[in-house]
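Starting from these lines, generate the structure:
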Amino acid sequence: MASTFKKLLDNIGPGLLFASMAIGTSHLVMSTKAGAQYGAIMILPIIIANVLKYPFFEFGVRYTNATNKTLIEGYLSRGKGYLWFYAIITLVSTFTILAALYIVTSGLFINLFNISEISIPIIALCLFSLISLLLIIGKYSFLEKSLKYVITILLFAVLITTVLVIFKGQVVQVQNFKTPPIFNEAGILFLIGLMGWMPTTVEASSWISLWSKEKWITQGNKPSLKESLREFNIGYLITSILALFFLIIGWLTLYGTNTILSNSSVTFAHQVVTLFTIHIGEWAYIFISVAAFATMFSTCMTAHDAIARVSVDILQLLHPKIKKQNSKKLFTIGVLILALLNFIVIASFGANMAQLVALATFVSFVVAPIIGFMNLKNVLSPELNKNQKPKSGLQILSYLGIIFLSLFSVYYFWIVIF
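This next block holds a predicted model:
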């Protein structure tokens, strides 16, 4: 038993990074808003999204452990068109996801230190510089070790707040309050956005694939398939539980009060931190502010690291000459280019994150079933032995996920375009 637990602790890394990355916009922003605007009914779509998307992320760990290749290398094995398709999706993510994450984090920083006189772009520039430095110098090992503390602190902070919120009971609703309709255009768009980002976008499945491979290189030891999947499942379970916790907090504290959570990152940060401190006490304001900021800071780090790794991997696979160059040097260049490009995006869009999130949601949700299918093709390929391939139940679940996401994507595309 002790030996098994020690192995689990040694293998913890990729799943933890996945949890840290996922607990950003989808949880802190979308889950809280879902509970605040629509109440407990939103528990259902969160559970559905986490269950139906699970196979696509699990396949990233499974394929890499079985073949020693990343999912992206698997796309190339299926055909160069698959790789080019994923490259285009990554390009869109490069200009949207990171910028949106850094805007929210900048808002939390301004709220934490009460420095509203400094603009979002300036704070974002400082964060880009610091995180780029940490990723370049600290590399994967620093990322993994630091996130163990961040996730632990966040888990306890959110758990304590959720228990206190439940114990206190639901806030008194205003007179004649009516729940906003879910099945009108605004409701459907929000629902699709929530499920599209829950627990995170499907293209992030390749991120955990790359982290798994980097983990083995760093520690010089490759875990078994069973051990890798167990470690990932722990991270995935943490993300799912925290999504429900954030929804419960939003539901019991704001639902029925006609409070609108702002699209301004600074105002939103203040609203979220206030939600926690109302139920824990004013003494906890600094603690909660630091925990919320640390959460988004770690999300920025993991997403920045992942997109840089994905970009380098894609370029090396598409261009053999680049493949011969030093991967560490390319990673450094990738980190710096991402920082510069996303700073330009933030400086152009300002503090309003709605347009950025809308674009990222549109692209990610529409392509989700396609990437899910690509991942399924990878794990069902002859590269995996029969005992390494997913069981029939997991395959059925993945087909259900593809069908569900396809129908939703078509409907979403119809609403947005027409």
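
pLDDT wise, what is residue 84 at?
Per-residue pLDDT puts residue 84 at 93.

Phi, psi for it please.
phi -60, psi -40 (degrees, to the nearest 10).

any idea how far the closest residue to it other than its chain neighbours is from residue 72?
Nearest non-adjacent residue to residue 84, counting by CB to CB, 6 or more residues apart in numbering: residue 318, 7.8 Å away. (Each C-beta comes from the backbone N, C-alpha and C, glycine too.) Distance of residue 318 to residue 72, computed by CB to CB, to the nearest Å: 10 Å.

thinking again about what came up before, so who does the residue nearest to residue 84 touch?
Residues in contact with residue 318 (CB atoms under 8 Å, 6 or more residues apart in numbering) are 83, 84, 87.

for residue 146, same thing?
Residue 146 neighbours (CB under 8 Å, 6+ apart): 138, 298, 301.

returning to that earlier point: just among the contacts of residue 318, which is most surrounded?
Using other CB atoms under 10 Å as the neighbour criterion, residue 83 leads the contacts of residue 318 with 20 neighbours.

Double-check that residue against residue 72; I have them as touching.
Yes: if you go by CB atoms under 8 Å, residue 83 and residue 72 touch, sitting 6.9 Å apart.

which residues are common contacts for the two?
With contacts taken as CB under 8 Å, 6+ apart, residue 83 and residue 72 have 314, 317 as neighbours in common.

in which helix or strand would I find residue 388?
Per DSSP states H and E, residue 388 falls between elements, in no helix or strand.

Same check on residue 186?
Using DSSP H and E, residue 186 falls within helix 185-196.

again with residue 165
In the assignment (DSSP H and E), residue 165 maps to helix 120-168.

for residue 370, same thing?
If you go by DSSP H and E, residue 370 is part of helix 354-379.

tell me the mean pLDDT for that helix?
For helix 354-379, mean pLDDT rounds to 81.

same thing with stretch 275-286?
Averaged across stretch 275-286, pLDDT comes to 72.

what's that stretch in contact with?
The set of residues external to stretch 275-286 that reach it, using CB under 8 Å, 6+ apart, is 32, 112, 157, 160-161, 164-165, 168, 249-250, 253-254, 273, 288, 292.

redo that, cut-off 6 Å
With contacts defined as CB atoms under 6 Å, 6 or more residues apart in numbering, stretch 275-286 is touched by 161, 164, 165, 249, 253, 288.

name the element the residue nearest to the last one when sequence neighbours are not counted belongs to?
This points to residue 288. Leaving aside its sequence neighbours, residue 288 sits nearest to residue 276 (CB to CB, 6+ apart; 4.2 Å). Per DSSP H and E, residue 276 falls inside helix 265-280.

and the angle from the helix or strand following that helix to helix 120-168?
Sequence-wise, the next helix or strand downstream of helix 265-280 (DSSP H and E) is helix 285-318. Orientation note: helix 285-318 sits at an angle of 120 degrees relative to helix 120-168 (axes from the mean of the first three to the mean of the last three CA atoms, to 10 degrees).

so after helix 285-318, what's the next helix or strand?
As assigned by DSSP H and E, the chain's next helix or strand after helix 285-318 is helix 320-323.

Could you list the buried residues of the next helix or strand after that next one?
Downstream of helix 320-323, the first helix or strand assigned by DSSP H and E is helix 327-349. Neighbour-count burial for helix 327-349, with 16 or more other CB atoms under 10 Å as criterion, is recorded at 330-332, 334-336, 338-339, 342-343, 345-346, 349.

any chance of those residues in a markdown table, plus distance to residue 260 and pLDDT?
Formatted as a markdown table, the buried residues of helix 327-349 follow (distance: CB to CB, whole Å; pLDDT from 0 to 100):
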| residue | distance to residue 260 | pLDDT |
| --- | --- | --- |
| 330 | 44 | 87 |
| 331 | 41 | 88 |
| 332 | 42 | 90 |
| 334 | 38 | 90 |
| 335 | 37 | 92 |
| 336 | 38 | 93 |
| 338 | 33 | 92 |
| 339 | 32 | 92 |
| 342 | 27 | 89 |
| 343 | 29 | 90 |
| 345 | 26 | 85 |
| 346 | 24 | 84 |
| 349 | 21 | 69 |
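
Now render the residues you listed as CSV, adding distance to residue 93.
Formatted as CSV, the buried residues of helix 327-349 follow (distance: CB to CB, whole Å):
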residue, distance to residue 93
330, 18
331, 17
332, 20
334, 13
335, 15
336, 17
338, 10
339, 15
342, 11
343, 16
345, 12
346, 15
349, 16
